[in-house]
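Novice: Below are the sequence and a predicted model for it; my questions follow.
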Amino acid sequence: MNAMPEPSPSNLLSEKAQLQPQPFQSRMPIIGPLIAWFRTAWNNVAARWYVQAVVEQQNRFNLLVVEQLQTIEARLIEQDRLQTELIHQLAELTAKVEGRREKEEGRRKKEEGGS
């Protein structure tokens with residue numbers, strides 16, 4: 001079976017950053033739709049405009065947070081890449097220094113033995 005790949009945490013964060021108003025629902029048999037309609041109508045009169053402004057403000061904030069986290073993530077990835085590169089360079093230099101040290105010790109032993 002073809003399993004869908006897991007979305008990255010960054011993509012999940014982006015998807016969840018936007019608040020979406022949810023419609024009122026009621027599980028009450030028979031009168032449930034009437035209850036949901038009444039709650040929606042009451043919300044439209046009492047709180048919709050206030051809540052919508054707060055939701056928009058929260059969505060803008062969430063978007064800024066997601067963008068900042070993505071920037072930080074990109075910087076960390078680049079720093080990790082650079083650190084790995086520096087570790088490889090250090091290993092190469094250490095090997096060269098060790099090689100020269102061994103070569104120098106061999107030369108010195110040769111000179112001491114030949115004197």
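Specialist: Received, thanks.

Novice: which stretches of the chain form helices?
Specialist: Secondary structure of the chain, counting by DSSP state H: helices at 9-16, 32-46, 48-114.

Novice: Name the surrounding residues that touch stretch 12-19.
Specialist: 7, 55, 58, 59, 62, 63, 65, 66, 69 (Cβ atoms under 8 Å, 6 or more residues apart in numbering). In this view, the C-beta of every residue, glycine as well, is placed from N, C-alpha and C.

Novice: One more pass at 7 Å, please.
Specialist: With contact meaning Cβ atoms under 7 Å, 6 or more residues apart in numbering, stretch 12-19 is reached by 55, 58, 59, 62, 63, 66, 69.

Novice: Would you mind writing the CA trace of it as PDB?
Specialist: In PDB, the C-alpha atoms belonging to stretch 12-19 read as follows (Å, rounded to 0.1, in the frame of the first residue of the first chain):
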ATOM      1  CA  LEU A  12       2.100  20.900  10.400                       C
ATOM      2  CA  LEU A  13       2.800  24.100  12.200                       C
ATOM      3  CA  SER A  14       2.000  26.200   9.200                       C
ATOM      4  CA  GLU A  15      -1.300  24.300   8.700                       C
ATOM      5  CA  LYS A  16      -2.300  24.700  12.300                       C
ATOM      6  CA  ALA A  17      -1.400  28.400  12.500                       C
ATOM      7  CA  GLN A  18      -4.700  29.600  11.000                       C
ATOM      8  CA  LEU A  19      -7.600  29.500  13.400                       C
END
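
Novice: buried set for it?
Specialist: Within stretch 12-19, the residues scored as buried using 16 or more other Cβ atoms under 10 Å are 13, 14, 17.

Novice: Need those residues in a markdown table (columns: distance to residue 89).
Specialist: What follows is the buried residues of stretch 12-19, written out as a markdown table (distance: Cβ to Cβ, whole Å):
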| residue | distance to residue 89 |
| --- | --- |
| 13 | 34 |
| 14 | 36 |
| 17 | 39 |
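
Novice: any chance of these in CSV, plus distance to residue 32 and pLDDT?
Specialist: CSV is the format used below for these (distance: Cβ to Cβ, whole Å; pLDDT from 0 to 100):
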residue, distance to residue 32, pLDDT
13, 35, 84
14, 34, 83
17, 32, 86
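
Novice: which one of those sits closest to residue 86?
Specialist: residue 13 (30.1 Å; Cβ to Cβ).
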